[in-house]
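Engineer: Next one to model:
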Amino acid sequence: MSRSRVAVGLAVAFALSVAGPLQAQQNPIARQQPKGLGVSPTFEGWYQNPDGTYTLSFGFVNRNTEQVLQIPVGAKNSVSPGPVDQGQPTYFEPGREYGVFTVTVPADFGREDRVTWTLEANGERWAIPAGLIDHYETANLYAAATDTKPPVLVLDEKTWTESVGPNGQRLGPIIQRVGQPLALNFSAWDAWGGNNVTVRWFKYRGPGDITFDPQTVTMVNGDGSTSVTFSQPGDYVLYARADHAGVRVSEAGLEQCCWTNGYVSVTVTAGEGGQ
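Structural biologist: From the prediction side, this is the model:
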């Protein structure tokens, strides 16, 4: 069974709706329309880290084909047990997004233990429990069939912190002014196979519109840059995804390997400010 079918199957098997008995039995991915539907969280799978802890990987399906949804952290966008805010997105573009954030659990996390991500929008409430479920161990850090590993991503060139895989690196907060372009310099490369690396930037959290110039950067000699402009004040998180090729991981048929996540927090002010 392909990794994409595994992820979709798990989302369907465990997603819970409180909108009504009939809807609770529906495939949350099969039903789509321009607007008025909810967002289904998905559990992509799990893998063990070198220190013995485990990483649980989550994605989502915004089943609206046109409506972008913002769901603030709280009762309608929560992770449990523990703090409701565990780094999940609050901004949901239409469609399917793979492995956008992870939760790391301790080495003594039991086979019956679960971490649940719950989302509610447009009157629909969906929840996905994640855990060390048999047959859902994923090859996020190494795809043996293609002898491929995730690229290396560096967001903070001052400390030169290298990250590999979905766990990702978090940078910030950076203070920036509304309407003033923020320059972001970064590095990414394939340390194992010499493949090209493409870094794509997305809005992850924040109240206003974001404009990237450019949004997609194909790396040259490992170095790249973009600029981002914010339409209104507030706290934002930018999401960077480093893939090996010029297409998305899912389009290359490698839904669970190999990419590296990165996150940049930015506090945008109305007055003077900036780097």
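Engineer: make it CA atoms for all contacts and neighbour counts henceforth
Structural biologist: Noted.
Engineer: mind listing the helices for this structure?
Structural biologist: In the chain, the segments counted as helices under DSSP state H are 3-14, 21-24.
Engineer: quick one, what contacts A191?
Structural biologist: 151-152 (CA atoms under 8 Å, 6 or more residues apart in numbering).
Engineer: Mind doing that once more with 10 Å?
Structural biologist: If you count contacts by CA atoms under 10 Å, 6 or more residues apart in numbering, A191 has them with 149-152.
Engineer: By mean pLDDT, show me the worst of the helices of the chain.
Structural biologist: Per-stretch averages of pLDDT across the helices of the chain put helix 21-24 at the bottom, with a mean of 33.
Engineer: got the contact list for stretch 72-89?
Structural biologist: Against stretch 72-89 from outside (CA under 10 Å, 6+ apart): 58-60, 70-71, 90-91, 100-104, 114-121, 124-129, 203-207, 237-239, 263.
Engineer: Can you give me the buried ones in stretch 112-126?
Structural biologist: Neighbour counts over stretch 112-126 (16 or more other CA atoms under 10 Å) mark 114-121, 124-126 as buried.
Engineer: ok, now stretch 42-50?
Structural biologist: In stretch 42-50, counting by 16+ other CA under 10 Å, buried: 42-48.
Engineer: repeat for stretch 216-225
Structural biologist: Residues of stretch 216-225 classed as buried: 216-219, 222, 224-225 (neighbour count, 16+ other CA under 10 Å).
Engineer: Restricted to strands, list the buried residues of stretch 42-50.
Structural biologist: Among the buried residues of stretch 42-50, DSSP state E puts 42-48 in strands.
Engineer: domain ranges for this protein?
Structural biologist: 3-130, 152-269 (automatic domain parsing).
Engineer: where does A144 land on pLDDT?
Structural biologist: Looking at A144, its pLDDT is 78.
Engineer: check contacts around it.
Structural biologist: Contacts of A144 by CA under 10 Å, 6+ apart are C257.
Engineer: Phi and psi next, for it.
Structural biologist: For A144, the backbone dihedrals (degrees, to the nearest 10) come out as phi -60, psi -30.
Engineer: Next one: it from T104, what distance?
Structural biologist: Separation of A144 from T104 (CA to CA, to the nearest Å) stands at 23 Å.
Engineer: Run through the stretch 101-250 of the chain and note the low-pLDDT ranges.
Structural biologist: 245-250 (pLDDT under 70).
Engineer: all strands for it, in order.
Structural biologist: Secondary structure of the stretch 101-250 of the chain (DSSP state E, counting those that start in this stretch): strands located at 115-121, 124-130, 152-154, 162-164, 169-177, 182-189, 198-205, 210-213, 216-218, 223-230, 234-243.
Engineer: that older thread, for the buried residues of stretch 216-225, which two are the farthest from each other?
Structural biologist: Farthest apart among the buried residues of stretch 216-225 by CA to CA are T216 and G222. That separation is 14.3 Å.
Engineer: Number of residues surrounding the closest residue to A188 other than its chain neighbours?
Structural biologist: Excluding its sequence neighbours, the residue lying closest to A188 (CA to CA, 6 or more residues apart in numbering) is L153, at 4.4 Å. Residues within reach of L153, counting by other CA atoms under 10 Å, total 30.
Engineer: Pick the one among the buried residues of stretch 112-126 closest to E137.
Structural biologist: R114 (14.5 Å).
Engineer: Next, the contact list for that closest one, please.
Structural biologist: 56, 80-81, 105, 128-133.
Engineer: Against G82, how distant is it?
Structural biologist: Distance of R114 to G82, given as CA to CA: 11 Å.
Engineer: Then G110?
Structural biologist: 16 Å.
Engineer: try P34
Structural biologist: Distance from P34 to G82, by CA to CA: 34 Å.
Engineer: F230 now?
Structural biologist: Using CA to CA, we find F230 at a distance of 32 Å from G82.
Engineer: residues near C257, how many?
Structural biologist: Going by other CA under 10 Å, the residues that sit close to C257 add up to 27.
Engineer: Now do the contacts for it.
Structural biologist: 3, 99, 138-144, 146, 148-150, 165-166, 243-244, 249-250.
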